[in-house]
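[1] Provided below are the primary sequence and the corresponding predicted coordinates.
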Amino acid sequence: MELIAKLTNFKGKIIWDTSKPDGQPRRMLNISKAEKEFGFKAKMNTEEGLKKTIKWYLDNKL
């Protein structure tokens with residue numbers, strides 16, 4: 001969430017509702033099976049992917 005706030009220049013305060021579940025525990029992704037089975041290899045890192053997604057959204061929102 002902090003990375004998205006940074007990339008969108010969000011200056012507000014992020015307040016989490018601690019009375020609600022916080023989602024699944026953090027997991028580390030292992031893509032070795034995807035690479036082995038069908039040749040998947042990431043073309044960009046998470047930050048670059050988020051930047052492109054945010055740009056697409058801003059260019060296409062109504």
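    Structure's in. What do you need?

[2] send the alpha carbons of the helix or strand of the chain with the lowest mean pLDDT over as CSV?
    Within the chain, no helix or strand scores below helix 32-38, which has a mean of 90 by mean pLDDT, DSSP states H and E. The C-alpha atoms that make up helix 32-38 are tabulated as CSV, following Å, rounded to 0.1, in the frame of the first residue of the first chain:
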residue,chain,number,x,y,z
SER,A,32,10.2,-21.8,-10.7
LYS,A,33,7.3,-24.2,-11.6
ALA,A,34,5.8,-21.6,-14.0
GLU,A,35,9.2,-21.1,-15.6
LYS,A,36,9.8,-24.9,-15.9
GLU,A,37,6.3,-25.8,-17.1
PHE,A,38,5.6,-23.1,-19.7
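
[3] Other residues contacting that helix?
    The contact list for helix 32-38, computed with C-beta atoms under 8 Å, 6 or more residues apart in numbering, reads 40, 41. No exception for glycine: its C-beta is placed from N, CA and C like everyone else's.

[4] Look up which helix or strand residue 57 falls in, please.
    Taking DSSP states H and E as the definition, one finds residue 57 inside helix 46-60.

[5] for that helix, packing partners?
    Secondary-structure packing of helix 46-60 (3 or more C-beta pairs under 8 Å, 6 or more residues apart in numbering; DSSP states H and E): helix 2-7.

[6] which helices and strands does the helix it packs on pack with?
    If you count contacts as 3+ C-beta pairs under 8 Å, 6+ apart, helix 2-7 packs onto helix 46-60.
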